[in-house]
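Q: Sequence and predicted structure below; questions after.
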Amino acid sequence: MENVIQIKNLYKKIKKKVILQNINLTINKNKIYGFSGPNGSGKTMTFKVILGFVRPTSGKIVVNNEEIRKDTLFAQDVGFSITEYGPLIHKTAQENLELLALLGKHNSEKIPQLLSYVGLKPDDKRKVKEFSLGMKQRLSIAMALIGDADILIFDEPTNALDEEGQQFLLSMLKDQKKLGKTILISSHDKNFLTEIADKIFVYSDGSIIREEEISEK
Ligand SMILES: Nc1ncnc2c1ncn2[C@@H]1O[C@H](COP(=O)(O)OP(=O)(O)OP(=O)(O)O)[C@@H](O)[C@H]1O
């Protein structure tokens, strides 16, 4: 099986505080991986290290066959939705996606279609600061999808989504898997993860304490 992310002996300390310790994980192509565990257990930090946004204290990280090194700007071909790196609030949803399309040299013609897909109105002229949390979450998902990346990371995408939003999320994840994508998704909703994931990594205090294989779907 082809693996698209490999993490070996990852440690991350910030000001002597251990944030991640001895993280080892292998992510295989075209599978969905759930990341579970209490607040502050290290799920988001793992995503930031994979993306190349945060340097590890030690350990080896390989993404899409490229080792993440000190001089790596960021991992290639990974789409992500992480609250901290969210949309510009003084711009519209369309403008936020246009900016990403420009930066990533992606096709911007498909933006209205992508907005409809995530359940937002393509002709909405409101700025993101006027959006509800759920609308921001949907835009953030569109931001992850705009580059048609092979690896997708969704940090707590279930937050602020209503019942219909959760159903959309499930069908979006299934669509993306059918397209051959590899997906990493954190959530406090264990039932949600069990429904969608092939495997769940359970975090506690900066370590992975358990790996749960979910039976064939
Ligand atoms: N820049 C930073 N400086 C200091 N500590 C940090 C920094 N970023 C994260 N941490 C700490 O690292 C730990 C792990 O945080 P992380 O965001 O990865 O947790 P998480 O599992 O994603 O939690 P949540 O479920 O709340 O999203 C927390 O204790 C957090 O306070």
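A: Looks like it arrived, so ask away.
Q: what residue ranges in this protein are flagged as low confidence?
A: For the chain, applying pLDDT under 70 flags the ranges 217.
Q: From residue 14, how far out is residue 56?
A: Going from residue 56 to residue 14 by C-beta to C-beta, to the nearest Å gives 11 Å. In this view, the C-beta of every residue, glycine as well, is placed from N, C-alpha and C.
Q: Counting residues, which helix of the chain comes out longest?
A: The longest helix of the chain (DSSP state H) is helix 163-178.
Q: Give me the buried positions along that helix.
A: Residues of helix 163-178 classed as buried: 165, 168, 169, 172, 173, 176, 177 (neighbour count, 16 or more other C-beta atoms under 10 Å).
Q: Could you measure from the residue most central in space within the chain over to residue 216?
A: When C-alpha atoms, centre = their mean is applied to the chain, the residue found nearest the centroid is residue 153 (1.8 Å). Distance, residue 153 to residue 216, by C-beta to C-beta: 24 Å.
Q: Which parts of this structure are helices?
A: For the chain, the helices defined by DSSP H occupy 43-51, 93-104, 111-117, 133-145, 163-178, 190-196.
Q: Nearest to the ligand, out of these?
A: Proximity to the ligand (C-beta to the nearest ligand atom) singles out helix 43-51 among those, at 3.2 Å.
Q: what helices or strands is that closest one leaning on?
A: strand 3-14, strand 17-28, strand 32-36, strand 58-63, strand 78-81, strand 151-155, strand 182-186 (3 or more C-beta pairs under 8 Å, 6 or more residues apart in numbering; DSSP states H and E).
Q: about what we covered before: comparing residue 56 and residue 14, which residue is more hemmed in?
A: When neighbours are counted by other C-beta atoms under 10 Å, residue 56 comes out ahead of the other of residue 56 and residue 14, with 21 against 11.
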